[in-house]
Structure formats: structure tokens, C-alpha cells
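[1] Requesting a structural model of the entry that follows:
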Amino acid sequence: MIQQEQQHLDVISQIPPNPRAVLFIAHEGNGSPLTYWEPQPQQPNCTGVPDHVAIVKHALSRGYAVIAIKSVKSFWQDWPPQASQDAHNVVSVLVSWTAQHGLERAPIVGLGSGSGGNFLSMLALTIKFSALVLMVSPGLHKALERAKMAPASTYPPVLFVHMPKDQTTASKIHSHEQLLRAKAIPVAQVCCEEFPIAPFYFAAHIPGFGSDASTKLHAAMQAEGVIDGLGRVLSAPRPPDVCLMLEKFDVLPLQRDDHSYARLLAEHIHSLMRVAQGRHATTGRKCPEIFNWLDNQVWGHPLLPNFPHPKPPPIATSQYRLPFSKFHHGN
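    Numbering: from 1, shown residues only. Here you go, the predicted model:
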């Protein structure tokens, strides 16, 4: 039986001038839409993880209206589709939101990271996406198996964005790529390798974190054995350990030594270290390749990015009141 209750669903969106398409973002496990936008006076709860923000900014510059929705639990409910409260929520919100903003006929593409990628691969059995980007996610085998053979299939083209150093995920992606190719469904890969970090790496990606602090942090990481002499990441310390390092080496910028800022900064540093380590992380480093591919799937060729608007489009946060379905096995 299905019990109907009510729930509030947090949604964040941003629409550029003259949007060409819609990008739905399914965050990673234990994640949140709040990490994809920088904090602003009107949106103080956003946390702005650098690589996540890069994805949204690049999407907006290409003319994509961006919407992100919070999963019900820490990880997306991906199977079976008919029992997924997340699937019900996303379909309901997308229908309502696109109608509200006159985007009903706009192409919709999806980008999901980790658990969000698995969820998207299932959701594509329900929603007509023009293309999917599965980041550090092989997709859900049951969903990809259920996709029909082209040309009868409505399953969208799939781009796997992954880090070969994560051999388990890479192996599954290789298997799923073969599965999709056998169904004549377009599929491609973008690989994100590890890379050494320079002293200015953190200053270049974290707003307000100066070059002096970045250089000091880089030296501290070498002293702690976190990176080697060439800047290669040997380990990605967890945020609490990053906080201890910031305090031990007096890295925090002057007048910004409050604990809340330190915690947020540590989260950003940890995320940047994981990207450089190239093991398993949401990354914005390959945005040009990703959005060229998306443009090709939607319009047949890459579109020139829109130049940044003098006044950035407003960020909208909404709470959707939806029926919440609890699924129980009944006699």
C-alpha cells in the first residue's frame, strides 16, 4: 500500500539570459545542491565546492538553465524505479519548474556524480533526456540492461567521466560501455588523470584564499608528507585533519581565523586534493570537453559559450510541497 504524506523538497536553480537547454544535476552520495553554488548574501547556506561551482558556471556560460534537487536520503533511491521517492520527486519538480519558466520544450540533459550518476541512469528510463553525463559512476547495470536497442530505444547518449586510477569504477564503465554499444546507443568517455599541484593551486580555485596562504599550505603539505617534492598528491587528508594542518602551520588568512570559515575551507581543500589525486571525485576540470559533447548530442555541434553577463542571473531556492510516498509491502 502507499501512504500519502507531505514533504518539503529543497531545489536550487539558476537561469541565464535566453536559455538554450536545461541541465539537471544529481549530486553525489552524502552531497547536496548547496555545494554547486558559492555563498551569496541572498543564498548564505550555499557552500560552493570549487569544482562543483565550475560545472554550474560553465553550464550557464553555454546557455543551460541549471536545476539541482536534494535526494530524500544520503544516497539516491535508484531501484526499482516505481518505488523510488527520488524519481517521483524529480519528475514532479522538473515538470512544474520547466512550466513555470517557459522551458517545457527545451532539451533536458542530466549530470549525475557517484550515486547521482547511478540514479540518472535509472531516471532516463522515465524522463526523456537528450544526453546523460555520468561522473565517477558506471551507471546502474539493471537500468542499462533495460534500455532498448536503437533505433527503437529512447535511451539517451551517455558520457562517462571518470578517473582511471579508480580501477573498480573504470572496469565497470568499460563493461557498461560495451553493453550500450551493443544496443547502438551512443557512448563516450572522458578520463581525468591525476596531476601535481603547484603552490598557487588553492589560491586559483578558492575565492579569497590568497597566494601567500596557498604557498604556505603547499609547503605545509610537503612537510607533512601529503604531497611529494613534485607536488603529486600522496593522500587526501579528511577535513578535520586539514583543519589541524591549517592551525599547526598558521595558514589561515589574517582576520579569517573563525572556526566556521576554517571548516568550510578544509572541505574545499579536501575536495581539491581528491581531484588532483584522481581517484574518485566530482571534477570540473573537463568542462569544455563535457559541454562540447553535450552540445553535439543536443544540437549536432558545439555552441559558442555566451560571454558572462554583466549582472549574473539570480540564484533561486525553492521548497516544493510534494506528496511523499512511503512504500510498504502489504498482504
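[2] just for the protein, where's the confidence low?
    Scanning the chain for pLDDT under 70 picks out 1-8, 150, 253-257, 302-312, 316-331.
[3] Make sure Thr126 is actually in contact with Asp86.
    No - taking contacts as CB atoms under 8 Å, Thr126 lies outside contact range of Asp86: 11.2 Å. No exception for glycine: its C-beta is placed from N, CA and C like everyone else's.
[4] more neighbours, those two?
    Asp86 (23 against 14; other CB atoms under 10 Å).
[5] Any chance you could list what contacts stretch 190-205?
    50-51, 159-165, 209-211, 213-215, 217-219, 227, 230-233, 268-269, 272-273, 275-279, 283, 285-286, 289-290, 293 (CB atoms under 8 Å, 6 or more residues apart in numbering).
[6] Could I have the buried ones of those as ChimeraX selection syntax?
    Restricted to buried positions by 16 or more other CB atoms under 10 Å, the ChimeraX selection for the contacts of stretch 190-205 reads:
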select :50,51,159,160,161,162,163,164,209,213,214,215,217,218,227,231,233,268,269,272,273,275,276,277,278,279,283,285,286,290,293
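[7] Could I get the full set of strands for the stretch 51-200 of the chain?
    Under the criterion DSSP state E, counting those that start in this stretch, strands of the stretch 51-200 of the chain are mapped to 64-69, 108-113, 131-135, 158-162, 187-191.
[8] Quick one: distance of the last one to the chain centre.
    The reference is to strand 187-191. Computed by CA atoms, centre = their mean, to the nearest Å, the chain-centroid distance of strand 187-191 equals 16 Å.
[9] Go through the helix or strand just after that strand and flag the buried ones.
    Following strand 187-191 in sequence order, the next helix or strand is helix 201-205 (DSSP states H and E). By neighbour count with 16+ other CB under 10 Å, helix 201-205 contains the buried residues 201-203, 205.
[10] same question, stretch 82-101
    84-90, 93-94, 97-98, 101.
[11] Including distance to His141, could those residues go into CSV?
    Listed next are those as CSV, based on distance: CB to CB, whole Å:
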residue, distance to His141
Ser84, 16
Gln85, 22
Asp86, 18
Ala87, 17
His88, 22
Asn89, 24
Val90, 21
Val93, 27
Leu94, 25
Trp97, 30
Thr98, 30
His101, 35
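[12] What about the residues you listed, which are in helices?
    85-90, 93-94, 97-98 (DSSP state H).
[13] I'd say Met245 and Ala220 touch.
    Yes - under the criterion of CB under 8 Å, Met245 makes contact with Ala220 at 5.7 Å.
[14] shared neighbours, the two?
    Val251.
[15] Moving C-terminal from the helix or strand where Leu272 lies, which element do we reach first?
    Element membership for Leu272, per DSSP H and E: helix 259-277. Using DSSP H and E, the helix or strand that follows helix 259-277 towards the C-terminus is helix 287-299.
[16] As PDB, could you dump the C-alpha coordinates of that following helix?
    What follows is helix 287-299, C-alpha atoms only, in PDB (Å, rounded to 0.1, in the frame of the first residue of the first chain):
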ATOM      1  CA  CYS A 287      34.000  21.100 -18.500                       C
ATOM      2  CA  PRO A 288      35.000  22.200 -22.100                       C
ATOM      3  CA  GLU A 289      35.100  18.500 -23.200                       C
ATOM      4  CA  ILE A 290      31.900  17.700 -21.400                       C
ATOM      5  CA  PHE A 291      29.800  20.600 -22.700                       C
ATOM      6  CA  ASN A 292      31.200  20.200 -26.200                       C
ATOM      7  CA  TRP A 293      29.900  16.700 -26.100                       C
ATOM      8  CA  LEU A 294      26.600  17.700 -24.700                       C
ATOM      9  CA  ASP A 295      26.200  20.400 -27.300                       C
ATOM     10  CA  ASN A 296      27.000  17.800 -30.000                       C
ATOM     11  CA  GLN A 297      24.300  15.500 -28.700                       C
ATOM     12  CA  VAL A 298      21.600  18.200 -28.400                       C
ATOM     13  CA  TRP A 299      22.300  20.400 -31.500                       C
END
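[17] what's the closest non-adjacent residue to Ile25?
    Ala68 (4.2 Å; CB to CB, 6 or more residues apart in numbering).
[18] Show the contacting residues for the one you found.
    11-13, 24-27, 33, 36.
[19] The same query, at a cut-off of 7 Å, please.
    If you count contacts by CB atoms under 7 Å, 6 or more residues apart in numbering, Ala68 has them with 12, 25, 27, 33, 36.
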